[in-house]
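Peer 1: what's the 3D shape of this:
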Amino acid sequence: MENLAEKVHNLGSDTLKVALTNVAPVATNTVLANITEIDYTNLSARTITVSASSQTSGTYKLVATDLVLTASGTVPTFRYVVIYNDSATNKELIAWFDIGASKDLIITDTLTLDFDGTDGLLQIA
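Peer 2: Numbering: from 1, shown residues only. As a prediction, this is how the structure comes out:
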């Protein structure tokens, strides 16, 4: 919330990306450098496409197109998806979530991150 209040994020226009890790993020992780990322050599682009950024009745909602991650070879094990602001100077973190179990991908495997559901990628009220 502080980063929003202090103009670190413009969620409607900044470049947002996904980082993957097998180490659970904690509340004190505030920038990408705090995250132990996996090797992305064999993984498709991780840039999120924002499709809507708006406020209605005091609730802000960020909606993004589903992101399909595709392996072109072996992708190391991960369990947590971290959303960060690639436009921000320190690549500040925005959110993270647990996909429920450790996952690894091999060539042609895909993982779809559903960002365009009813609740969108995130809501702030």
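
Peer 1: got the contact list for the residue located most distally from the centre of the chain?
Peer 2: Computed with CA atoms, centre = their mean, the residue of the chain farthest from its C-alpha average is Ser57, at 25.8 Å. The contact partners of Ser57, by CB atoms under 8 Å, 6 or more residues apart in numbering, come to none. No exception for glycine: its C-beta is placed from N, CA and C like everyone else's.

Peer 1: Recalculate using a threshold of 10 Å.
Peer 2: Neighbouring residues of Ser57 by CB atoms under 10 Å, 6 or more residues apart in numbering: Ala125.

Peer 1: Next SSE downstream of the helix or strand bottoming out on mean pLDDT in the chain?
Peer 2: Least confident helix or strand of the chain, by mean pLDDT, DSSP states H and E, is helix 2-5 with a mean of 62. Next helix or strand after helix 2-5 toward the C-terminus (DSSP states H and E): strand 16-21.

Peer 1: Can you show me the strands along the chain?
Peer 2: Under the criterion DSSP state E, the chain contains strands at 16-21, 47-48, 50-56, 59-64, 67-70, 75-85, 93-105, 110-113, 122-124.

Peer 1: which one of the ones you listed is the most hemmed in?
Peer 2: strand 16-21 (a mean of 22; mean count of other CB atoms under 10 Å).

Peer 1: What is that one packed up against?
Peer 2: Judged by 3 or more CB pairs under 10 Å, 6 or more residues apart in numbering; DSSP states H and E, the packing partners of strand 16-21 are strand 47-48, strand 67-70, strand 75-85, strand 93-105.

Peer 1: how about low-confidence regions in this structure?
Peer 2: By pLDDT under 70, the low-scoring segments of the chain are 1-7.

Peer 1: The residue sitting nearest the centre point of it bridge partners, please.
Peer 2: What sits nearest the mean C-alpha location of the chain, by CA atoms, centre = their mean, is Ile83, with 2.3 Å. Beta-bridge partners for Ile83, by DSSP bridges, are Val18, Ala95.

Peer 1: hang on, isn't it packed against Asp14?
Peer 2: No. With contacts counted by CB atoms under 10 Å, Ile83 stays clear of Asp14, the gap being 11.2 Å.
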